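J.: Attaching a predicted model along with its sequence, questions to come.
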Amino acid sequence: MLWTIFVILMILWLLGLISGYTIGGFIHVLLVIAIVVVLIRIIQGRKPF
């Protein structure tokens, strides 16, 4: 489930980079959340991907 959330957040972030600055702040918050999810998985001893 975390992997799915990570992928969705990364896609939304990439779309935000393409679309410009309209929702840029929100997209960067999503990026930070995606990175935190991966770090939590690493800390738990699971594969990050």
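T.: Alright, I've got the coordinates.
J.: Name the nearest residue to the most centrally placed residue in the chain, ignoring sequence neighbours.
T.: For the chain, the residue nearest the mean C-alpha position is Ala34 (2.7 Å; C-alpha atoms, centre = their mean). Closest residue to Ala34 apart from its sequence neighbours, by C-beta to C-beta, 6 or more residues apart in numbering: Leu9 at 3.8 Å. To be clear about C-beta, it is placed using only N, CA and C from the backbone, and glycine gets the same treatment.
J.: who does the helix or strand that contains that neighbour touch, helix- and strand-wise?
T.: Using DSSP states H and E, Leu9 falls within helix 2-19. Helix 2-19 sits against helix 24-43, with contacts defined as 3 or more C-beta pairs under 8 Å, 6 or more residues apart in numbering; DSSP states H and E.
J.: for this structure, which spans come out with low pLDDT?
T.: Low-confidence segments of the chain, defined by pLDDT under 70: 16-24, 27, 46-49.
J.: Distance check, the residue in the chain sticking out farthest from the centre against Val29.
T.: Distance from the C-alpha centroid of the chain, by C-alpha atoms, centre = their mean, peaks at Gly45 (19.2 Å). Separation of Gly45 from Val29 (C-beta to C-beta, to the nearest Å) stands at 27 Å.
J.: ok, now Ile11?
T.: 15 Å.
J.: From Gly45, how far off is Thr8?
T.: That one is not Thr; residue 8 is Ile. 23 Å.
J.: whoops, Phe6 was the one
T.: For Phe6 relative to Gly45 (C-beta to C-beta), the value is 17 Å.
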